[in-house]
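# how would this look folded up:
(one chain, ligands or ions: 2)
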Amino acid sequence: MDSGGISDLDLDKYDADEQVKIICLGDSAVGKSKLMERFLMDGYRPQQLSTYALTLYKYTTTINGQTVLVDFWDTAGQERFRSMHPSYYHKAHACVMVFDVQRKITYKNLPNWYKELREYRPEIPCLVVANKIDADIKVTQKSFNFAKKQGLPFYFVSAADGTNVVKVFKDAIQMALSYKKNSSDFMDEVMRELENFELESKEESSDKEETQEGKLDSA
Ligand SMILES: Nc1nc2c(ncn2[C@@H]2O[C@H](COP(=O)(O)OP(=O)(O)OP(=O)(O)O)[C@@H](O)[C@H]2O)c(=O)[nH]1
Ligand SMILES: [Mg+2]
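Ligands and ions are numbered 1, 2, ... in the order given. Next up, the predicted model:
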């Protein structure tokens, strides 16, 4: 129940009603960090060092009157395809998968990223993003069939000029929320039940709290 505890603290601290985790996948230098920065800071600083470690961005927004806390996870894609640590995927509610329209290899690697994602998170919404369309707008006439074949939403974007960036992340947040609410993923159901169970028992009696948490920890 480690992250469950942290979530509760976060919800209090940010005065949020809901919390979702969104991860970003894709080869190195496709623009994952730039896209997130563009969305979060509404700015774009070219030529920044690539991401070496994990970066966690916290973002709050209001959807249908509810305050939603979004954890955006960003990590380095590496030069060649490399696996992410399982904790990166843990309890993620949506994934933004990025490739660079100027480098075919980054598109060819999408099935590798997707395969790994599905090993850990079989059901979460995944959005496919073709970045850097500013470099050559003609690419938007090309067809990139991977997303269609997998039945995934697809977006042409540019972190440099901002095209579709807000749209992608807003959609990702909505999808993450609806996934969290109507999830058929068994593990998530169980986790949610456990979280509710913990809250209810806290309300009932505070002196039982410790025993209750002890039980959940060993579950
Ligand atoms: N022309 C253009 N360049 C971009 C765009 N987005 C990112 N870049 C450039 O591409 C390079 C890589 O961007 P990053 O955001 O660092 O890529 P990343 O996917 O986070 O890379 P790693 O952290 O190594 O996995 C940088 O030099 C950016 O300036 C874009 O939309 N258009
Ligand atoms: Mg990066």
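# So for the helix or strand where K115 lies, what gets flagged as buried?
Element membership for K115, per DSSP states H and E: helix 110-120. Neighbour-count burial for helix 110-120, counted by 16 or more other Cβ atoms under 10 Å, picks out 110, 113-114, 116-117, 120. For glycine as for every other residue, the C-beta is placed from the backbone atoms N, C-alpha and C.
# Among those, which one sits closest to ligand 1?
W113 (11.6 Å; Cβ to the nearest ligand atom).
# which residues in this structure form helices?
Counting by DSSP state H, the chain has these helices, from start to end: 2-13, 32-41, 86-89, 104-108, 110-120, 145-150, 165-182, 186-204, 209-218.
# gap between the second one and the chain center?
This means helix 32-41. With Cα atoms, centre = their mean, to the nearest Å as the basis, helix 32-41 stands 13 Å off its chain's centre.
# That one near ligand 1 anywhere?
Yes - part of helix 32-41 sits near ligand 1 under the criterion Cβ under 6 Å from any ligand atom, namely 32-34.
# quick one: which of these is most hemmed in?
K32 (27 neighbours; other Cβ atoms under 10 Å).
# nearest residue to that one other than its sequence neighbours?
The shortest distance from K32 to any non-neighbouring residue, by Cβ to Cβ, 6 or more residues apart in numbering, is to C24 (4.6 Å).
# Break the protein down into its domains, please.
The chain breaks down by automatic domain parsing into domains covering 3-183, 185-219.
# Just put those domains in CSV and tack on mean pLDDT.
Conversion of the domains of the chain to CSV gives the following (pLDDT from 0 to 100):
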stretch, mean pLDDT
domain 3-183, 87
domain 185-219, 49
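# Buried deepest among these, which one?
domain 3-183 (a mean of 17; mean count of other Cβ atoms under 10 Å).
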